[in-house]
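J.: got a structure for you, letters missing:
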C-alpha cells in the first residue's frame, strides 16, 4: 500500500468527522438562537444574505481558481510532466501558473478570513513555493543528464497537505453557504414558528447525537481496517528487504567474480572478488566497458561470437586471459548470460568468473613434464645407436693413430677425427644429461682448458662484431664433469651472443678462487668463481627473476625452447655449486657460477692414468654390433691380449659352457637381442661365479642385476685408454683376491 492509497483511505473518515462536527454545531446553534433571540432572527437573515451575496461569492471564485491551478492541467500536473518528459513548454507553463496562483492567494488573504482559512492558505502557498524552488533543481539535473528516477527522488514534493488545505477552504466556503441558505429559508418559511423550531432543535440534537455515534463507530472500524492493511504491508516490505539483503550479501561475498553490465556493455556493478582479483576498484570501473581487462590474447572472432550469442538471448562460456591493473595476467573461466525481463527484452548482462590461474599453471607444469619425458625417451632411444657408432670411430681413429707417423699430415687428420668423435660423444652425453638419464661424473678438470676451447669455438660461430676473450692467469682446477662444464660455459656464452645480436659487443669469461658465499659450505680445496659477462642490452627485473624457469624464454617463437638456462641451473646444482645473475636494462649481464675447487695434484694423477696398460689374458668379447666388436678386437690384440669376439650372446654362452675355464674376463655389451648382457652374465656366473665382468653400453640402466660382484660399466663410446685401464683393473683385482 503506497502513501497515496493510504491517504485516500483516511479521506472518508476525515470527511465524516467534519460533517458530524458541523451537524452538531448547526443543530445546537439553531436551537439556542431560535429559542432565545427571535427578534434577532430577521437581522441574522439580513447579515446572512449579505454574507452570501458578498464575500462568500468572491471566496468561491478564488477557491475555484486555486483548484484550477492545482488540479489536472495545473502546477502539479505540469511539474510532473516536465520531470518525466523534459519538455520546456511544461516548465514555462508551470512558472506562469505558479505566479498566477500566488497572486490568487494574495488576493484571497485581503478578504475577511478565519484562522482556519488563513492556515489553509499558508499551507497552499508553502507547497506552491516548494514547487517553485524545485524548478531550478529539475532544470539543472536535466541539463546534467540525470535519470528520471534520480530527478524524481531529488525533487519529489508531497502535495497532500496542499490538497487537504484546498478541501478545507472549499468545505468552509460550502459550510458558510449552507448555513446562510438554511438560515434564510428557515427565517422566511417558518417565520412565527421559531418556538416550535426551538423544540424541534432538541429532537434534532438527539438525532445528531445518534448520527455522530454511528459515524464514530464507522470511523473506528474504518481506521482499524486501514491500520491492519498497513501493518500487513509493512511486514511484507520488511520480509522483502531481508530477502534482498541476503541476496546482496551472497553476491557481494561470492568466491566468483560477478560483473553486471547494461546492454551497451558498460559496467553497472562488480563484487568484491572482482576488485580483489583484477586490482581495479568499483569506482574506477563503473560506467566503463570491460575492454580494460583485455590482454590481447583473445581473438576478435571470439568477442564477435560472444556478442552474437548474448544478443540472441543465449549464454556464453569460455576462458579469458585478463590483465590486472598492475599489468600482470590471470586466467578466468567466465560464463556470461543475459538477464531477460518479463516482456522478453534483454535488460542486462551478468558475467560470473572463476580464477583458474593456478589450475592453468599446474596443467602447464604437467605438459612440460610430459615434454621432458618425451625428450628423455627419445634421448634414450637414439643414444645407444649413436654411442655404438662413435665407439667404432674413436677406436678406429686410435688404431690409425698408432700407425701414423708422429707430426705427419695423416696423424693430424686422425687427431681431428678423434676430436670430432669426442665432441659428438659430449653432445650425446649432454642430451642424456638434459633428460636426466645420465648423471655427471665428477673429476678434477682444468677450467682454463674448458674456457679456452669454448672461446675458440665462439670465434668461429659468432658474428665479427661480437668479440670474446678468456681472462685467466693459468690452470684452475675444479671438481666437476668436463662435459657438463663445457655445456655450462657454452650455453652462457651463446646466450650472451644472442642477446648482443648484430650490435658490437664483448663477451668475457674469467675465473678466480673465492671465499664461499652464504649458503655454501667451507671446503678444504676451496671454491672457484667462474664469470660470464657481456655488455649487451641487459634484462628487466621480471625476466631476471624467471630466468631459470623451464620453458621460459624471451626469444621469438621458434628461436628457443627456454631450456638452456634451466639445464645450466640443474648442472651447477648437481655439482654442488651456486649460480647467480646480475643484470639491469642497458647495463649488460653477468652470470656468476661458484664451483667446488680441486687440486692440481689430483688433476695430474688423473692424467697419469691416460697410459694404456697391456696384458696377455684371454678375453671373451661380446657385442652385437660387428663394427664395435671388430674395433675392440683389433685394439685389444695390439695390447697383447688374446681375444675371442662374438656378435651373438647366445653363441658366446654356448662357447663358454664348452670351455668355462678358458676365459679370464668377459667384456660385453648390455643391450643385445635374444639374450641381454645381464642374462648372459647371469648364466656365465652360474658356471664361474668369480669371473670378472666389464660392461660397455651406449645407455646405462638405473641398475644391473647379476649374481656375484657388481660389474663395472663403461659408457660408449669407450675411449681406448679407459677400456685398457678398466680391463687391467678388473684383472688385477681378480689376482689379488
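T.: Done, it's in. Predicted model only: the values in this text are computed from it and were never measured.

J.: And the protein, split by domain according to the record?
T.: 3-234, 257-355, 439-608, 611-736 (automatic domain parsing).

J.: Can you say which of those is nearest to residue 410?
T.: domain 611-736 (17.9 Å; Cβ to Cβ). For every residue, glycine as well, the C-beta is placed using N, CA and C.

J.: gap between the closest one and the chain center?
T.: 61 Å (Cα atoms, centre = their mean, to the nearest Å).

J.: before we move on, what about stretch 153-172?
T.: What separates the centre of stretch 153-172 from the centre of its chain is 57 Å, taken as Cα atoms, centre = their mean.

J.: which parts of that stretch are buried?
T.: Neighbour counts over stretch 153-172 (16 or more other Cβ atoms under 10 Å) mark 155, 157, 159, 162-172 as buried.

J.: ditto for stretch 133-147
T.: 134, 135, 138, 141, 142.

J.: doesn't the second one fall inside a strand?
T.: The one in question is residue 135. No: Residue 135: not assigned to a strand; according to DSSP: H, G, I helix; E, B strand; the rest coil it is helix.

J.: sorry, back to before: can I get the buried residues of stretch 133-147 in a markdown table with pLDDT and distance to residue 532?
T.: Shown next, in a markdown table, are the buried residues of stretch 133-147 (pLDDT from 0 to 100; distance: Cβ to Cβ, whole Å):
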| residue | pLDDT | distance to residue 532 |
| --- | --- | --- |
| 134 | 78 | 79 |
| 135 | 80 | 80 |
| 138 | 78 | 76 |
| 141 | 79 | 70 |
| 142 | 81 | 72 |
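
J.: from these, which is closest to residue 517?
T.: Nearest to residue 517, judged by Cβ to Cβ, of these is residue 141 at 69.4 Å.

J.: quick one: terminal-to-terminal distance for stretch 352-360?
T.: End-to-end span of stretch 352-360 (Cα to Cα, to the nearest Å): 18 Å.

J.: which residues sit against it?
T.: Applying Cβ atoms under 8 Å, 6 or more residues apart in numbering, the contact partners of stretch 352-360 are 256-259, 274, 277, 319-320, 330-336.

J.: Which of the residues you listed are buried? Put it as a ChimeraX command.
T.: In ChimeraX syntax, the buried subset of the contacts of stretch 352-360 is picked out as below (16+ other Cβ under 10 Å):
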select :256,257,258,259,274,277,320,330,331,332,333,334,336
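
J.: which one of the contacts of stretch 352-360 sits closest to residue 637?
T.: Distances from residue 637 to the contacts of stretch 352-360, taken by Cβ to Cβ, are shortest for residue 331, at 66.5 Å.

J.: I'd like the next helix or strand past the helix or strand of the chain with the lowest mean pLDDT.
T.: Ranking every helix and strand in the chain by mean pLDDT, DSSP states H and E puts helix 600-608 at the bottom, with a mean of 56. Next along the chain after helix 600-608, taking DSSP states H and E as the criterion, comes strand 618-622.

J.: Please, where are all the helices along the stretch 51-200 of the chain?
T.: 55-70, 75-85, 88-109, 115-143, 148-155, 160-190, 194-252 (DSSP state H, counting those that start in this stretch).

J.: Quick one: closest of those helices to residue 665.
T.: helix 194-252 (80.3 Å).

J.: which other helices and strands contact that closest one?
T.: helix 3-36, helix 160-190 (3 or more Cβ pairs under 8 Å, 6 or more residues apart in numbering; DSSP states H and E).

J.: Now it: average pLDDT?
T.: Confidence over helix 194-252 (mean pLDDT, whole number) is 75.

J.: Give me the angle between that helix and helix 160-190.
T.: Angle, helix 194-252 to helix 160-190, by axes from the mean of the first three to the mean of the last three Cα atoms, to 10 degrees: 170 degrees.

J.: next one: helix 194-252 to chain centre, how far?
T.: Distance, stretch centre to chain centre, for helix 194-252: 59 Å (Cα atoms, centre = their mean).

J.: right, and the helix or strand after the lengthiest strand in the chain?
T.: Using DSSP state E, we find that the single longest strand of the chain is strand 329-340. Counting by DSSP H and E, the next helix or strand C-terminal to strand 329-340 is strand 346-355.

J.: what stretches of the stretch 51-200 of the chain score poorly on pLDDT?
T.: 51-56, 71-73, 183-185, 187-196, 198-199 (pLDDT under 70).

J.: Tell me where the stretch 351-500 of the chain has helices.
T.: Counting by DSSP H, counting those that start in this stretch, one finds helices in the stretch 351-500 of the chain at the ranges 357-403, 409-434, 447-461, 482-500.

J.: mind checking how far residue 226 is from residue 168?
T.: Per Cβ to Cβ, to the nearest Å, residue 226 is found 21 Å from residue 168.

J.: before we move on, what about residue 203?
T.: Distance from residue 203 to residue 168, by Cβ to Cβ: 31 Å.

J.: Could you do residue 360 as well?
T.: 75 Å.

J.: Pick the one among the buried residues of stretch 153-172 closest to residue 77.
T.: Of all the buried residues of stretch 153-172, the one with the least separation from residue 77 (Cβ to Cβ) is residue 159, at 10.9 Å.

J.: tell me the phi and psi of the closest one?
T.: Dihedral angles phi and psi of residue 159 (degrees, to the nearest 10) take the values phi -100, psi 10.

J.: That one contacts residue 76, doesn't it?
T.: Yes: if you go by Cβ atoms under 8 Å, residue 159 and residue 76 touch, sitting 5.7 Å apart.

J.: which residues do those two both contact?
T.: Joint contacts of residue 159 and residue 76 (Cβ under 8 Å, 6+ apart) are 70, 131.

J.: returning to that earlier point: now the longest strand of the chain, how far from the centre of its chain.
T.: Strand 329-340 sits 12 Å away from the centroid of its parent chain (Cα atoms, centre = their mean).

J.: Just the local confidence number for the residue positioned nearest the centre of the chain, please.
T.: The centroid of the chain falls nearest to residue 330 when counting by Cα atoms, centre = their mean (3.3 Å). For residue 330, the pLDDT comes out at 86.

J.: got the contact list for it?
T.: Counted by Cβ under 8 Å, 6+ apart, residue 330 has contacts 277, 321, 322, 324, 355, 357.

J.: Try it again at 10 Å.
T.: Residues in contact with residue 330 (Cβ atoms under 10 Å, 6 or more residues apart in numbering) are 277-279, 293, 295, 320-324, 353, 355-358, 360.

J.: Narrow the residues you listed to those that are buried.
T.: Here, 16+ other Cβ under 10 Å leaves 277, 278, 293, 320, 321, 322, 323, 353, 355, 356, 360 buried among these.
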